[in-house]
Every structure is written in C-alpha cells, then in structure tokens.
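Student: sequence and predicted structure below; questions after.
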There are 2 protein chains.
Amino acid sequence: MTQTLTPPDATPGTRPKRKLYEAVFEAIAVDILQGTLPTGSALPTDSALCTRFGVSRTVIREAIQHLSSVGLLDVRHGAGTYINGSRQWDLLDPQLLTMMGRTGTIGFVIDDLLDIRRMFEVEAATLAAKRATPDDIRALEALLVRMRDPATTEQEHVELNLEFHGLLVQASHNRILQGLREQLRGVLTVMMNARHRQADAEMRTVSTAMHQMILDSIRERRPDRAQAVMLAHIQGAERSLQHEPR
Amino acid sequence: MTQTLTPPDATPGTRPKRKLYEAVFEAIAVDILQGTLPTGSALPTDSALCTRFGVSRTVIREAIQHLSSVGLLDVRHGAGTYINGSRQWDLLDPQLLTMMGRTGTIGFVIDDLLDIRRMFEVEAATLAAKRATPDDIRALEALLVRMRDPATTEQEHVELNLEFHGLLVQASHNRILQGLREQLRGVLTVMMNARHRQADAEMRTVSTAMHQMILDSIRERRPDRAQAVMLAHIQGAERSLQHEPR
DNA sequence: CGATATTTGTACGTATGTATT
DNA sequence: TAATACATACGTACAAATATC
C-alpha cells in the first residue's frame, strides 16, 4: 500500500494544487485497481489512515465516500471498511475509467462498453422511428445536409456525426435514454483517447450514406429497418476501434 | 419554500431519529420536484440556509452534495447554486424515484422505464444466446425445472422468475449490463410497489412456457429467436402494469 | 447474555483558499 | 480591487452499529 502522498505544495516551484482528498482517493484507488489491496480485505481504520497520510479525518472520510460511491469500497457501520471486487465497481464512472486507463487495467471493460453502445444506439434509432416529431426529422435532415457539404472539414464531420446521434436519442423521446447517453459519451471519450482513430475519406462517404438510410427509415416509420441499419452502422464503426486480445 | 424542518427529537415521546442532512435534503428536494423552487432560479446561499434550517454549514453542504449528485442542483463555485430542470435529474436513482412517487410526480417516468427494461432484457437474452457457457445453461435449466414443479408456490414462482432474468444477464457475460440491471431492479421495485400486480395461474403457465422457449433459443445458439421471444415476453408483462394516461 | 472496546456516522465551529461577480 | 459565495481542511465531541471478551 502507498506509504505517503505528495503534499499539495511539496515543491514551491510547481503548481500541483491537488486537493488532499483527491490525492488520498487516488492513492487508495490505484492500490485497489492493481490488486495491492486485495478483494475482501479490510481497509485500515480511519484513524490509521489519518496518521499514514498525515491528514484529518475529514479528508479521509471524503475520500472514502467517493471510493464507496464508485463501488471500490464497502463501508460497514461499526464493522470496518472492505475492498470490493471488480463486480461491484461502477464501470460507467468516467473518473474510475480514466484511472483504469492510467493503471493499464481497463482492457476487460472495452468489449463490454461496445456491447452497451450498440444496444443503446440501436434502441434509440428504433424508438426514433416510432416517435420522431416533424421537428425532430427536420433537425436531422438539416444535419445531414451539412454532412454532405464538401466544404465541411474532417473535424466538423466528426462533430456532426456525434450531433446526429445526439438528435437521434432526443427523437426517441425517452429521458432515461438521454441520461444514459450522457454517461456513455463521457466514457467512450475516455476510451477513444486511449487509442487513435483515423477517419478517412472513404469512411466518411459510407458513414453519411448510413445516416441517410437511418433518417429515411425514421421518416417512413419503419422501426425494423432503422434498427437493422443502425446495427450495421455501429458494427462497422466498431471495427475501427478493435482492441487487442484480452 | 419550506420554512422549517422537523427537529430530530422534537417530541420527546416519539422516535423520529431523522438525520439532519436527510431532513434538509428532503425538504429542498420536495420543493424542487413540486416546482416551488422553479428551474433556473438560485437556491439561497449556504449561510442563509443555515439560519433558515437552524443547522451548521456541514449539514447544509452534505444535503446540497446529495441533491447535486442526483442532478437536482447545479453548484457553481463562487457563483451560487441553481435549480436544475427535469432533464438533468438522475431518473435511475431509487431515492429520487421514491420521492417522486410520494409527491405524485413520477408519472412521466414510467413509460421511459418500461422502454429501458425492454431494451435491457432483450439485449441480455440475445447476448446470452451468443455467449452462454454450459454452466450458465445448466443453471437456467435447473431453475426452469423448479418453475414447472406444481409444488412451487406463487410467491416462490415470482422469485424464481426474477432469478431467471438475473441468470440471463449473468449469461450475457457483460459486467456493465449486470451493473445496470442492479440499478434498474431497485427502480422497478419502487415502481411495482406503487401499483398492484396480480399473477394468476394462467399467467404462470404462459410465463413458464416463454422462459422455456428463451432457454431453448440460447441452447441452440439462436440470438434472433432469443431476442424475438424475449420481446414478446416482456411486452406481455408490460400489459399487467400498464399505467394510467399521463 | 451483558459489558466494553472498536469503528464508522453525524454534527458543530472555525479558519483559510479559490472562483465569480 | 473588493465583496460574495462556494471549497477545503482542521479539530472536537458525541451517537450508533458492531465485534469481542
């Protein structure tokens, strides 16, 4: 287990400006992710951690609360605090995912995330084909016009792509789906940053055609077709961020 | 806005034992859910709330942190704390859902939840048909045998039903799906409690047959069939907790 | 079973840091 | 620059749940 933590202003020249409870959070989280603190074992008591890290109990409690909220710890009133196994971790928490990326323990989550994204986008397209309003459809059409415009740069095209999928979720008229998308978007961003993704010109043409077909399906109220096209689209995109074998 | 809160031990005879920050959390949450505190308006400052509720800033901060974590508030460092609109609320949080049930503002979420559950169960069945191990299949078979046993009571049958769906998610071998299921299960329990659900004998026969068909599809590695049967099964179940028009 | 020690939970007061207006 | 409002951190005290003797 980590013995000490970097004080917020250890070196006068630098600007860590790190909050104490964040430093404690990270030190303990890393030890759990790497298995230094094994599943099922007890975390030292609050007071022990106070002396070890040299901070007040307020700081320790704040750190522990965050660790517990992402499922790394199981706090039992009066009995102690215990380390949870990976089954308990909140794998949709961006902070946790980022740390898993840094400690090289994110591998096993990537396939799972791709499943979830596929499920999610396909459902949004299906529901949109059932419920999209004329306004929804107009907004999607406007976006597609801009995607086809040759003056649109690669960077803009990527953003329009994201926006298209966002509008699709909006057209599903399901608020929970919208909330889940927000969560997922952050997580996928973290994931994309880990590996490079190059969208070439051919990719762009295919992608625009796919979007067009999805929009047509929605306009024609054909949920089955929207579902099928979105599925093909997502599976195509998945190939471009295929991961190394786990 | 609520002027005062019930002190933890206002009446010596009773035992409220309510935590201060919970009381504050609830008082403010109710005002937001009911619209007494309108979207976009500013919450009073910490110190103002201290005097209003007669508690320390520690308590106010704890309450505000929880309110912010379920998306009811937007805290801006140095600028104030503002009330979020329903688009920001975490509609999968059981505590929030419970409160919405009590204040009669849960109506608009129910359809959304049914969508999510359908998406979720169908995906689990599809993935299970692709990935279930022999152990997974054996466990599902064992469960089905017990469901068919005439000696099984109604109560047991309901529990076995839940267990079957749990094993299905496990057989999908996707950890995030498993985590989402936990969240959803709590929420749906809250929802079920709001309306009565009577499972009659005929229902039970149909339900068991459906489960059998899902298991067959998994054993035969036919994801499409698993998907279709699960969809029909869920849509049948949805009819039994149809809500009043919103 | 009961008494006691340990460990986490709640709450207060205070001081200082930091971002916004 | 100054005032305001939220953020972090310390120390303390007592309550509540659990474990242990």
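Tutor: Received it, and whenever you're ready, just let me know what you need.

Student: only C-alpha atoms from now on, for both contacts and neighbour counts.
Tutor: Noted.

Student: could you give the number of residues near residue A:205?
Tutor: 12 (other Cα atoms under 10 Å in any protein chain shown).

Student: name the residues that touch the host helix or strand of it?
Tutor: Assessed by DSSP states H and E, residue A:205 sits inside helix A:201-219. Helix A:201-219 is contacted by residues A:125, A:128-130, A:132, A:137, A:140-141, A:144, A:147-148, A:223, A:225-226, A:229-230, A:233 when judged by Cα atoms under 8 Å, 6 or more residues apart in numbering or on different chains.

Student: from those residues, which would you call buried?
Tutor: The neighbour-count criterion (16 or more other Cα atoms under 10 Å in any protein chain shown) marks A:125, A:128-130, A:132, A:137, A:140-141, A:144, A:147, A:223, A:225-226, A:229-230, A:233 among those as buried.

Student: and residue A:147, which of the three is it?
Tutor: With DSSP: H, G, I helix; E, B strand; the rest coil as the basis, residue A:147 sits in helix.

Student: assess the claim that it and residue A:160 are in contact.
Tutor: Yes: between residue A:147 and residue A:160 there is a contact under Cα atoms under 8 Å: 6.7 Å.

Student: for the residue nearest the centre of chain A, list the residues it contacts.
Tutor: Nearest to the geometric centre of chain A sits residue A:187, at 1.0 Å (Cα atoms, centre = their mean). Going by Cα under 8 Å, 6+ apart, residue A:187 touches A:92, A:93, A:94, A:97.

Student: gap between it and residue B:141?
Tutor: 36 Å (Cα to Cα, to the nearest Å).

Student: give me the lowest-pLDDT entry from the contacts of residue A:187.
Tutor: Within the contacts of residue A:187, residue A:94 has the lowest pLDDT, namely 85.

Student: what's the spacing between the closest residue to that one other than its chain neighbours and DNA strand D?
Tutor: Nearest in space to residue A:94, with sequence neighbours left out and distances taken as Cα to Cα, 6 or more residues apart in numbering or on different chains, is residue A:187 at 5.3 Å. Here the criterion is Cα to the nearest atom of the strand, to the nearest Å. By it, residue A:187 lies 22 Å from DNA strand D.

Student: please state the offset of the helix or strand encompassing residue A:187 from the chain centre?
Tutor: In this assignment (DSSP H and E), residue A:187 forms part of helix A:175-194. Its chain's C-alpha centre and that of helix A:175-194 lie 4 Å apart, by Cα atoms, centre = their mean, to the nearest Å.

Student: got it, and stretch A:153-166?
Tutor: For stretch A:153-166, the distance to the chain centre is 18 Å (Cα atoms, centre = their mean).

Student: with stretch A:71-90 instead?
Tutor: On the basis of Cα atoms, centre = their mean, stretch A:71-90 sits 22 Å off its chain's mean C-alpha point.

Student: cool, stretch A:77-92 as well?
Tutor: Stretch A:77-92 sits 20 Å away from the centroid of its parent chain (Cα atoms, centre = their mean).

Student: ok, and for that stretch, which residues are buried?
Tutor: So stretch A:77-92, judged by 16+ other Cα under 10 Å, has buried residues A:81, A:82, A:83, A:84, A:85, A:88, A:89, A:90, A:91, A:92.

Student: for DNA strand D, what are the nearby residues on chain A?
Tutor: Taking Cα under 7 Å from any atom of the strand, the part of chain A that reaches DNA strand D is made up of A:18-22, A:54-59, A:76-79.

Student: where is pLDDT lowest across those residues?
Tutor: Lowest pLDDT among the residues of chain A next to DNA strand D: residue A:18, 77.

Student: residue A:37 reaches residue A:83, doesn't it?
Tutor: Yes: contact between residue A:37 and residue A:83 holds when scored by Cα under 8 Å: they sit 7.2 Å apart.

Student: just to revisit the earlier point, any chance of a markdown table for the buried residues of stretch A:77-92, columns secondary structure?
Tutor: Listed next are the buried residues of stretch A:77-92 as a markdown table, based on three-state DSSP:
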| residue | secondary structure |
| --- | --- |
| A:81 | strand |
| A:82 | strand |
| A:83 | strand |
| A:84 | coil |
| A:85 | coil |
| A:88 | helix |
| A:89 | coil |
| A:90 | coil |
| A:91 | coil |
| A:92 | coil |
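
Student: is the longest helix along chain A positioned near chain B?
Tutor: Ordering each helix of chain A by length in residues (DSSP state H) puts helix A:107-131 first. Yes: on the criterion Cα under 8 Å from any Cα of the partner chain, helix A:107-131 is in touch with chain B at A:109, A:112, A:113, A:115, A:116, A:119, A:123.

Student: report the separation between the second one and residue B:120.
Tutor: It stands for residue A:112. 14 Å.

Student: and what of the third one?
Tutor: Computed with Cα to Cα, the distance linking residue A:113 and residue B:120 is 14 Å.

Student: repeat for the fifth one
Tutor: Here residue A:116 is placed at a distance of 10 Å from residue B:120 (Cα to Cα).

Student: picking up where we left off before, helices - which of the residues of chain A next to DNA strand D land there?
Tutor: Filtering the residues of chain A next to DNA strand D for helices - DSSP H - leaves A:20, A:21, A:22, A:57, A:58, A:59.

Student: redo those as CSV? Include neighbour count and distance to residue A:182.
Tutor: Shown next, in CSV, are those (neighbours: other Cα atoms under 10 Å in any protein chain shown; distance: Cα to Cα, whole Å):
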residue, neighbour count, distance to residue A:182
A:20, 20, 29
A:21, 19, 26
A:22, 15, 24
A:57, 15, 34
A:58, 12, 31
A:59, 22, 30
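
Student: what about stretch A:40-49, start to end distance?
Tutor: Per Cα to Cα, stretch A:40-49 runs 18 Å from first to last residue.

Student: now do the buried residues in it.
Tutor: Buried-residue list, stretch A:40-49, by 16+ other Cα under 10 Å: A:42, A:43, A:46, A:49.

Student: the second one touches residue A:81, doesn't it?
Tutor: Yes: in this structure, residue A:43 is within contact of residue A:81 by Cα under 8 Å, at 5.4 Å.

Student: care to break chain A down by domain?
Tutor: Per the record's domain assignment (the TED database), chain A is made up of the domains A:17-88, A:94-243.

Student: relative to DNA strand C, which of the ones you listed is closest?
Tutor: Closest to DNA strand C of these is domain A:17-88 (Cα to the nearest atom of the strand; 3.2 Å).

Student: does DNA strand C have contacts with that closest one?
Tutor: Yes: Domain A:17-88 is in contact with DNA strand C by Cα under 7 Å from any atom of the strand, via A:17, A:43-47, A:58, A:61, A:75-81.

Student: if we can go back for a sec, which of the buried residues of stretch A:77-92 come close to chain B?
Tutor: Restricting the buried residues of stretch A:77-92 to contacts with chain B (Cα under 8 Å from any Cα) yields A:88, A:90, A:91, A:92.

Student: what residues does chain A have near DNA strand C?
Tutor: So chain A meets DNA strand C at A:17, A:43-47, A:58, A:61, A:75-81 (Cα under 7 Å from any atom of the strand).

Student: low-confidence ranges, chain A, go.
Tutor: Across chain A, the ranges flagged by pLDDT under 70 are A:1-17, A:190-202, A:239-246.

Student: fine by me, we can end here.
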